[in-house]
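A.B. asks: Below are the sequence and a predicted model; questions follow.
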Amino acid sequence: MAKPIQYKPKGLKESKEVVTVYENITVQELADAMEKSVDHIFEVMLYIQYTDKYDSPDSEIDNFHVVKDIIAKSGLRFRFKEKKKAIVKENKDLEPRPPPEPEDLVRRPPVVTVMGHVDHGKTTLLDMLRKTNVVDKEFGGITQHIGAFSVQLASGETITFLDTPGHAAFSAMRARGAHVTDIVVLVVAVDDGVMGQTVECIRHAQEAEVPVIVALNKVDKAPQNVHGIQLEDFGGDVQAIPISALKGDNVEQLEEAIVALSEVMEVKADPSGFVEGTVIESRHDMGRGKLATVLVQRGTLKKGAYLVAGASWAKVRGMFDDNGRPVLEATPGTPIELIGWRMLPSAGESIQEVESERRAKEVVEWREKQKKEEHQLEAHRVVQERADVHREDYKRRREVRLNKGYRRSSLYRKDRVKEIIDSDVGPKLEIVVKGDVDGSVEAILDTLDSYMSEQCALHILQYGVGTVNEQDVEMAANFGGIVYGFNVDCPETVKKLARSKGVSVRAHNIIYKLMDDIREELTSRLPPKVVEEVIVIHGDRMANRRFLWRAAGELTSLKHFKNEVDSIKTDVECGICFADKTVVPQHGDRIICYERKEVAQQLEWDIDF
Ligand SMILES: Nc1nc2c(ncn2[C@@H]2O[C@H](COP(=O)(O)OP(=O)(O)OP(=O)(O)O)[C@@H](O)[C@H]2O)c(=O)[nH]1
């Protein structure tokens, strides 16, 4: 007797889509691999045990059975693959130079920032300090504001002052982690005393661990107040030097105090090797182009050097001091303005010298790429966050809908929750219904209630009376749905929004036409049905037909003697080979051949008006 063959038809199984997965795949990655939404994965997980912990798109699914289950429940098959190791990119950024050897250090000018409360005399003091410069200004150089200037004292010492507006610049530099200032000169007008900004400046200086020298200013105005200034807040031993910035009294004493303090602090730097520095200011000059004031902090800068600052680079074409005079080289502690930038660097950015233009470009490219990747990650994070909010919102709304037991439509009955959710896997139509009056909306919903088929799920996202509005469109957009309006308008602005979101808004004023429209939409979503027709063999030629042995899948070979043939005639002997090699045909087995055809599905819905 012929033994019934029990194998499953392989040929049919092959038609399922295969999802490639790997260990510890995240919810998002699984959704991507399945070409489904993250929501879909979460919903399927509602029906799988021990999945509560996978509650965000970034959650790694560490239980492979869960992954398999999700895929199976979605009507797909899986293939396991080793996760590709993340390619470690070669870091092309610059390495900071190792700290200098103590024997390479030499004294350099201290860098001073002048701070103080508004109107206490910062600008007046800076002007006066500039005037104390003993260096010959015959060159005709006009004092320029470049953000910093050097003052050479009669003693031969040099001090560098930063004159970018007070603490704003100081804070900006600090925010970028630039440690530029060695000493803060805090201007306190004796006629006004310690004020709000004074205290703030002290705090800034203390946080940056920069020592403070107090310039008690305007002593010419109120000399009697000098001893009344309370300096306790300044912490520790703070030098206070009474000056008149306006008249220049004691300004040299202040400079000497700065030099003395810098000696105690051993303000030193290594003038050899590749240059390191900080951008103090940058600007566009009509005539000279892109300019940046740079404070050299290590090495000696020369014309022709290649510098990188942030994501910009320069080949130094020229260097100028604060009097606009060209300089040939700049040693540590020296501020210079330089030209040759491809892009303007920002204040506070640190500068490093590189060996060549090629290297400068490479570093900049690398940094730009890094920045872009960071932006992309950030954008991805924002999108994720929004998706999370959306998902929560969707769950909440669905919960409300289900808890109401949904009087209107059997589509929402609680006992059908699972079906609804499962139906998310298959074809579905999401709609928003708006009508002119209660009665018409009611009539539409009643008619939709008569749709019971499970061929394509029909979800009513929301319904109501009134014109189609933005919210209807947003709702439809979120679910890839369609808005149906019955006897209602759709304002131009809403139409525009719908266009931009790719939402179709359909206006009808005859109810059966609206229903036909919905029926068409439902039908168009049905996948073609695969039917199997038993091929009648009697003497027919069967060219181009595919054979199916129900048990053994497709025929991979059909031979007449030694020749591969397309068909075989009735009563002619032939050799056949099956895809499934595990099947051993037995004497008396019947071979039934099928042809598989795809036919359009008909929607089962008798609309009852
Ligand atoms: N009598 C006297 N007036 C001074 C002295 N120093 C500055 N002033 C005056 O105080 C006023 C304010 O001085 P500025 O140098 O502009 O003060 P500032 O701190 O730079 O002010 P902001 O830039 O607004 O924060 C000006 O009218 C100066 O002339 C001083 O030593 N004696």
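C.D. replies: All right, it came through fine.
A.B. asks: Which of the helices or strands spans the closest residue to Met115 other than its chain neighbours?
C.D. replies: Ranked by CB to CB, 6 or more residues apart in numbering and with sequence neighbours excluded, the top spatial neighbour of Met115 is Cys201, at 4.2 Å. Bear in mind the C-beta positions are built from the backbone N, C-alpha and C, glycine included. Using DSSP states H and E, Cys201 falls within helix 196-207.
A.B. asks: Can you list the strands that the helix or strand just after that helix pairs with?
C.D. replies: Next along the chain after helix 196-207, taking DSSP H and E as the criterion, comes strand 212-217. Strand 212-217 has the following sheet partners, assigned by DSSP bridges: strand 183-189 (parallel), strand 239-242 (parallel).
A.B. asks: Ok, which of those comes nearest the ligand?
C.D. replies: Closest approach to the ligand among the strands paired with strand 212-217 (CB to the nearest ligand atom): strand 183-189, 6.2 Å.
A.B. asks: what's the average pLDDT for that closest one?
C.D. replies: Average pLDDT, strand 183-189: 92.
A.B. asks: Also stretch 267-278?
C.D. replies: Rounded mean pLDDT across stretch 267-278 is 95.
A.B. asks: Can you show me the CA trace of it as PDB?
C.D. replies: Below are the C-alpha coordinates for stretch 267-278, written out as PDB (Å, rounded to 0.1, in the frame of the first residue of the first chain):
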ATOM      1  CA  VAL A 267      55.200  81.500  34.200                       C
ATOM      2  CA  LYS A 268      57.200  79.500  31.700                       C
ATOM      3  CA  ALA A 269      56.800  77.800  28.300                       C
ATOM      4  CA  ASP A 270      58.800  75.700  25.800                       C
ATOM      5  CA  PRO A 271      59.600  77.800  22.800                       C
ATOM      6  CA  SER A 272      60.600  74.800  20.700                       C
ATOM      7  CA  GLY A 273      58.800  72.300  18.500                       C
ATOM      8  CA  PHE A 274      55.300  72.400  17.000                       C
ATOM      9  CA  VAL A 275      53.300  75.500  18.000                       C
ATOM     10  CA  GLU A 276      50.400  75.300  20.400                       C
ATOM     11  CA  GLY A 277      48.100  78.200  21.100                       C
ATOM     12  CA  THR A 278      44.600  79.600  21.500                       C
END
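A.B. asks: rewinding a little: name the stretch among the strands paired with strand 212-217 that sits most buried.
C.D. replies: strand 183-189 (a mean of 25; mean count of other CB atoms under 10 Å).
A.B. asks: quick one: it to helix 196-207, angle?
C.D. replies: 160 degrees (axes from the mean of the first three to the mean of the last three CA atoms, to 10 degrees).
A.B. asks: Run through who's touching strand 183-189.
C.D. replies: Residues from elsewhere that reach strand 183-189 (CB atoms under 8 Å, 6 or more residues apart in numbering): 110-117, 119-122, 125, 170, 194, 198, 201-202, 204-205, 210-218, 221, 229, 234, 245, 254, 258, 261-262, 265.
A.B. asks: filter those residues to the buried ones?
C.D. replies: For these, a burial check counting by 16 or more other CB atoms under 10 Å picks out 110-117, 120-122, 125, 170, 194, 198, 201-202, 204-205, 210-218, 229, 234, 245, 254, 258, 261-262.
A.B. asks: So which residues on this protein come close to the ligand?
C.D. replies: For the chain, the residues in contact with the ligand (CB under 6 Å from any ligand atom) are 116, 118-124, 217-218, 220-221, 244-246.
A.B. asks: helix/strand/coil for Met475?
C.D. replies: Following DSSP: H, G, I helix; E, B strand; the rest coil, we place Met475 in the helix state.
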